[in-house]
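A.B. asks: here are the coordinates; sequence isn't available:
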């Protein structure tokens, strides 16, 4: 979180947040996993909406995103909002 600029940064895990590139739903116990993963995604959307409604800029990245690219994107958002 960059509180002065109101920027929220999330690094989402591919499994827990259902990355479209890497996520595979477990075959065992789908009655547990489907609602769990869908609930995580719903909570992410609700969190994004609540933060945006409060004037925050929300950035989300996947755990597999190259750290240098993530850092560059965050720096760009900070610079953009500072100007």
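C.D. replies: Received, thanks. Remember, it's a predicted structure, so these values are computed and weren't measured experimentally. Numbers count the residues shown, from 1 in each chain.
A.B. asks: quick check: closest non-adjacent residue to the residue nearest in space to the middle of the chain.
C.D. replies: By CA atoms, centre = their mean, the chain has its centre lying nearest to residue 60, at 3.4 Å. Spatial nearest neighbour of residue 60, excluding adjacent residues (CB to CB, 6 or more residues apart in numbering): residue 10 at 4.6 Å. All C-beta spots, glycine's among them, are computed from the backbone N, C-alpha and C.
A.B. asks: which residues are contacting the strand or helix carrying that neighbour?
C.D. replies: Element membership for residue 10 (DSSP states H and E) is strand 7-12. Here strand 7-12 makes contact (CB atoms under 8 Å, 6 or more residues apart in numbering) with 1-2, 19, 44, 51, 56-63, 65, 70, 74, 77-78, 81.
A.B. asks: for stretch 28-38, same thing?
C.D. replies: Contact with stretch 28-38 is made by 16-18, 23, 25-26, as judged by CB under 8 Å, 6+ apart.
A.B. asks: distance from that stretch to the middle of the chain?
C.D. replies: Offset of stretch 28-38 from its chain centre (CA atoms, centre = their mean, to the nearest Å): 20 Å.
A.B. asks: same question, stretch 46-66
C.D. replies: Distance of stretch 46-66 from the chain centroid (CA atoms, centre = their mean) equals 5 Å.
A.B. asks: same question, stretch 72-83
C.D. replies: With CA atoms, centre = their mean as the basis, stretch 72-83 stands 17 Å off its chain's centre.
A.B. asks: quick one: average pLDDT of it?
C.D. replies: Mean per-residue pLDDT for stretch 72-83: 93.
A.B. asks: kindly report the same for stretch 41-53.
C.D. replies: In this model, stretch 41-53 carries a mean pLDDT of 98.
A.B. asks: the helices in the chain, which residues?
C.D. replies: With DSSP state H as the criterion, the chain has helices at 30-53, 67-82.
A.B. asks: adding distance to residue 6 and mean neighbour count, write these out as a markdown table.
C.D. replies: As requested, those are exported to a markdown table (distance: least, CB to CB, whole Å; neighbours: other CB atoms under 10 Å):
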| stretch | distance to residue 6 | mean neighbour count |
| --- | --- | --- |
| helix 30-53 | 8 | 12 |
| helix 67-82 | 8 | 12 |
